[in-house]
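Colleague: Below are the sequence and a predicted model for it; my questions follow.
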Amino acid sequence: MIKGLLRFIIAVIFILSGFVKAVDLVGFSFKMEEYFSPAVFNMPFFEKFALLFSIIVVVLELFLGFMLLLKLKLKFTLSFLIALCIFFGFLTFYSAYFNVVTDCGCFGDAIKFTPWQSFFKDVALLIGLILLFVMYRKEFQKKDEYGVSRKESSSKFKYALLGIFSLIMVYIMAQGIMHEPIIDFRDYKIGTDIRGEKMKISKNPSEYKTFYSLKNQKTGEVVRINQDDYIKETKYWAEGSPWKIEDGKNESVLTKEGYKSEIVKFKIEDPTGMELTEEIISAPKAVLVFSYHPKEVPADLLQKVEAKVNAQKGALIYGISTDPNTFKTIKNAMMDGTAIKTIARSNPFVLFLEKGKIVDKQPAKDYVK
């Protein structure tokens, strides 16, 4: 009873984790790119394979999780899941300890974990899998087929279920890669009121304090003190004070959690640096064309997109990218590349707003059909 319940819980966790990433594989590949970036593992040559690695990871989570649920090939399944957990544990520990990736993407955009929460989740899963391996070890000696017709039919039924599950997951993954996620867990889903979200953020902002690392030049003593106490204690900054702030060791710490939304990063500027955000979210109708890798956009596709958006009557139109010279016949605007990736899962991508509310969004290749 206990081992069956534990097996069910762990299997469901892996299936859910794989599913929320499967619906948005492109989004998960952006997270993989972050791990390969110079700031983390410094393996930029792997960035172009991020989507492939994402598919492999999601497939392993989904199918091994489902095999565990169906109790198929237990020794193989548990062994592989343990190895997978050790791998994930290393990634999340590295992210947490060095504070280089703030969200591992373990459950996509559906559930956000801090790096340490992700690590402890992986440790708990690893312990659970090892316990299952021990509890089921006697069954490893049994053959998969027992020569009894009831067992054979049961096994065939389980493999049929696995096949059906596989086909459904392949369709969901393909839909997310070629078009838009079937289920959108992002803050930029259709129906989101960007203007309203920004008002919520401004009314309840997160608060931070800077902590300084100070070193006494005479005694060598080091203290860590927040910005308020630093100002109050004149001994730390008065003329002739032996206390000096250590370069590169200051830290900004969250002291009050405000309203959380990715919309906080929705900030659009023209090429001169003038902010356009308010103009865009206040317009009765706005059509925005996004590109996070403008140099990779085929010229003919860009031409078709610009021609079609220019035919939109009464709409405020902007082309938004990381390069001020991307668009030829519509006004160029600028936005952080990572923020664009949060909105757009294809390159380029078209977003439709009405008074700041998202009413539609489409990959450019679908939009021009």
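Modeller: Received it, and whenever you're ready, just let me know what you need.

Colleague: Quick check: mean pLDDT of the longest helix along the chain?
Modeller: Selection of the longest helix in the chain by residue count, based on DSSP state H, yields helix 149-178. Helix 149-178 shows a mean pLDDT of 85.

Colleague: repeat for stretch 33-48
Modeller: pLDDT averaged over stretch 33-48 gives 83.

Colleague: Show me which residues of it are buried.
Modeller: Within stretch 33-48, the residues that count as buried by 16 or more other C-beta atoms under 10 Å are 33-37, 40, 47. Using the backbone N, CA and C atoms, a C-beta is placed for each residue, glycine as well.

Colleague: go on, stretch 210-229?
Modeller: Applying 16+ other C-beta under 10 Å to stretch 210-229 flags 211-215, 225 as buried.

Colleague: Ok, stretch 158-166 next?
Modeller: Under 16+ other C-beta under 10 Å, the buried positions of stretch 158-166 are 158, 162, 165.

Colleague: still on that earlier bit, mind listing which of the buried residues of stretch 33-48 are in helices?
Modeller: Per DSSP H, the buried residues of stretch 33-48 map to helices at 33-36.

Colleague: got a markdown table for those, with distance to Phe63 too?
Modeller: Output for these, formatted as a markdown table (distance: C-beta to C-beta, whole Å):
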| residue | distance to Phe63 |
| --- | --- |
| Glu33 | 24 |
| Glu34 | 25 |
| Tyr35 | 22 |
| Phe36 | 24 |
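
Colleague: between those, which is nearest Leu70?
Modeller: Nearest to Leu70 among those: Tyr35, at 31.1 Å, using C-beta to C-beta.

Colleague: With Tyr94 as the reference, measure out to the nearest residue to the closest one once chain neighbours are set aside.
Modeller: Once flanking residues are discounted, Tyr35 sits nearest to Phe41: 5.9 Å by C-beta to C-beta, 6 or more residues apart in numbering. Applying C-beta to C-beta, to the nearest Å, one obtains 8 Å for the distance of Phe41 from Tyr94.

Colleague: give the contact list for Ala339.
Modeller: 265-267 (C-beta atoms under 8 Å, 6 or more residues apart in numbering).

Colleague: looking at this, it is in a strand?
Modeller: No - looking at Ala339 with DSSP: H, G, I helix; E, B strand; the rest coil, it is helix, so not inside a strand.

Colleague: gap between it and Lys308?
Modeller: 24 Å.

Colleague: For the stretch 51-200 of the chain, which segments count as helices?
Modeller: Remark: helices assigned in the stretch 51-200 of the chain by DSSP state H, counting those that start in this stretch are 74-98, 115-135, 149-178, 194-203.

Colleague: Quick one: closest of those helices to Asn250.
Modeller: Nearest to Asn250, of the helices of the stretch 51-200 of the chain and by C-beta to C-beta, is helix 74-98 at 17.0 Å.

Colleague: and that closest one, which residues are buried?
Modeller: 74, 77-78, 80-82, 84-85, 88-89, 91-96.

Colleague: From the residues you listed, pick the one nearest Ser29.
Modeller: Relative to Ser29, the closest of the buried residues of helix 74-98 is Leu91; by C-beta to C-beta it sits at 15.0 Å.

Colleague: The closest one against Glu34, yeah?
Modeller: No - applying C-beta atoms under 8 Å as the test, Leu91 and Glu34 come out as separate, 10.9 Å apart.
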